[in-house]
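Engineer: Sequence first, then the predicted structure:
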Amino acid sequence: MSGGPPPIGAYAAGWRPGPVTALDPLPAGPVAALSAVLDLPGPVATDGGELPPLWHWLYFLDWPAGRELGPDGHPAHGHFLPPVPDRQRMWAGGRCAITAPLRLGEPAERIASLAEVTARRGRSGELLFVTERREFRQGGRLCLVEWQDIVYRSGRGARSGERGASSQGASPHGAPQDAASRDPSQDAPQDASQDASQESAFRAGAGATSAGGTPRDGTPREGPPVAPPAGAPVSAPEGPPGAGEPPGAGEPWRLALRPGPALLFRFSALTANAHRIHYDADYCRDEEGHPGLVVHGPLLALLMLDAVRRHAPERRVRSLAYRLRRPVYAGEALTAGGGPAGEGALLRVATGREPRHATAEVRFA
């Protein structure tokens, strides 16, 4: 009889949490606050106005008691957190189908449910892929359906002095990124090429994304995660963060930002995110292997969509899919941008050391 731990899928066998319904009045305050954090001239919307794509992440927040948080700052337990010991979590990517924008000041309902659970094995261990589905309604009308793809593993892979995988937040308020510097092929699974890409992404900080593409009909794919191609290893920035300026000068839509610790702290507060990688530099370096504070993955996604809002305000987003690939660190100059492509747009977040920290595909109505 083997004395090793059971397969990661065994922990989730029979784990099928039921749907959870939440209500939120959608007050205008959080939108005004994030608009100020992003240094915009005024709120992007007021009471009765349309909520921009992905800004619903400011609402339906969960504030657990301090005693319910784990050592990394994330909740130790939760309805949609699988019963995996010593969990490491990454928010890999997601998709949204928008029938009608949510409106501020009108009560909204969110129904969250478990859509998919899949276990896979790689050379460095096993991964559990979880897809959560969320429906948002106002006045009895379905306005938005969102899928969030989360990756879990059991056991910590990054300790002081080790530059491997890191534990990451998997709520809508965490970032699936880390600062590994070795060749991701060292940790690739032994079976399918798709699994190799997923595992490489996890170990190299590529976000183990499963955002997938958007079909021609504009409806985001619902189902198990799909991996992006495996990329080059992510190296820690040489010299002070932000030393290199981001590329993208030829792109028609560009939004430049150099997020600092104060911005990360304020964004964490607005999204109920207590993950220490965003504000505790010693923890980042000693426990997670990062060279600096990590910029939130959701912030990168929001910036890509905000480039569309600023440069093509007349276009209504019908669906979107985003991938979180490489870490951005506090103090680095980044550009979120892209341009029209067919019936939508292709977007990315770039810095001087990496052309695609995050990518997104948008379809217009």
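Structural biologist: Received the coordinates, thanks.

Engineer: which residues touch T21?
Structural biologist: Remark: with contacts taken as C-beta atoms under 8 Å, 6 or more residues apart in numbering, T21 is in contact with E109, R110, I111, A112. Every residue, glycine included, has its C-beta placed from N, CA and C.

Engineer: can you map out the helices along the stretch 1-150 of the chain?
Structural biologist: Per DSSP state H, counting those that start in this stretch, the stretch 1-150 of the chain carries helices over the ranges 8-12, 29-37.

Engineer: What's the first helix or strand after the one helix or strand in the chain whose mean pLDDT sits lowest?
Structural biologist: Comparing helices and strands within the chain by mean pLDDT, DSSP states H and E singles out helix 193-204 as the least confident, with a mean of 34. For helix 193-204, the succeeding helix or strand toward the C-terminus, using DSSP states H and E, is strand 253-257.

Engineer: So what's the gap between that next one and the chain middle?
Structural biologist: Using C-alpha atoms, centre = their mean, to the nearest Å, the mean C-alpha position of strand 253-257 is found 19 Å from that of the whole chain.

Engineer: Can you show me the strands along the stretch 1-150 of the chain?
Structural biologist: Counting by DSSP state E, counting those that start in this stretch, the stretch 1-150 of the chain forms strands over residues 20-24, 87-98, 108-122, 125-138, 141-154, given from the N-terminal end onward.

Engineer: gap between the last one and the chain center?
Structural biologist: The chain centre lies 10 Å from the centre of strand 141-154; the measure is C-alpha atoms, centre = their mean.

Engineer: other SSEs contacting it?
Structural biologist: Helices and strands in packing contact with strand 141-154 are listed as helix 8-12, strand 87-98, strand 125-138, helix 193-204; criterion 3 or more C-beta pairs under 8 Å, 6 or more residues apart in numbering; DSSP states H and E.

Engineer: For the first one, list every residue counted as buried.
Structural biologist: Looking back up the chat, that one is helix 8-12. Judged by neighbour count (16 or more other C-beta atoms under 10 Å), helix 8-12 contains these buried residues: I8, G9, Y11, A12.

Engineer: Buried members of the contacts of T21 into PyMOL, please.
Structural biologist: To isolate the buried subset of these in PyMOL, counting by 16+ other C-beta under 10 Å, use the following:
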select buried, resi 109+110+112
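
Engineer: tell me which of the contacts of T21 is nearest to S35?
Structural biologist: Taking C-beta to C-beta as the measure, S35 lies nearest R110 of the contacts of T21, at 22.4 Å.

Engineer: Poorly predicted segments of this protein, please.
Structural biologist: Regions of the chain meeting the criterion pLDDT under 70 cover residues 1-4, 122-124, 156-249.

Engineer: Mind naming the longest helix for it?
Structural biologist: Ranked by number of residues, the top helix in the chain under DSSP state H is helix 297-311.

Engineer: From the chain's centroid, how far away is that helix?
Structural biologist: From the chain centre to the centre of helix 297-311 is a distance of 13 Å (C-alpha atoms, centre = their mean).

Engineer: now swap in stretch 107-121 and tell me
Structural biologist: What separates the centre of stretch 107-121 from the centre of its chain is 15 Å, taken as C-alpha atoms, centre = their mean.

Engineer: And M90, how far from W63?
Structural biologist: Distance, M90 to W63, using C-beta to C-beta, to the nearest Å: 22 Å.

Engineer: and the two? which has more neighbours close in?
Structural biologist: Neighbours per residue (other C-beta atoms under 10 Å) separate M90 from W63, with M90 holding more: 31 against 9.

Engineer: Pretty sure that one sits against V151.
Structural biologist: Yes. Look at M90 against V151 with C-beta atoms under 8 Å: they come within range, at 4.4 Å.

Engineer: can you pull the contacts of T46?
Structural biologist: Applying C-beta under 8 Å, 6+ apart, the residues near T46 are A28, V31, A32, L104.

Engineer: who wins for most neighbours among those residues?
Structural biologist: Compared across these, L104 has the highest neighbour count, 25 neighbours, by other C-beta under 10 Å.
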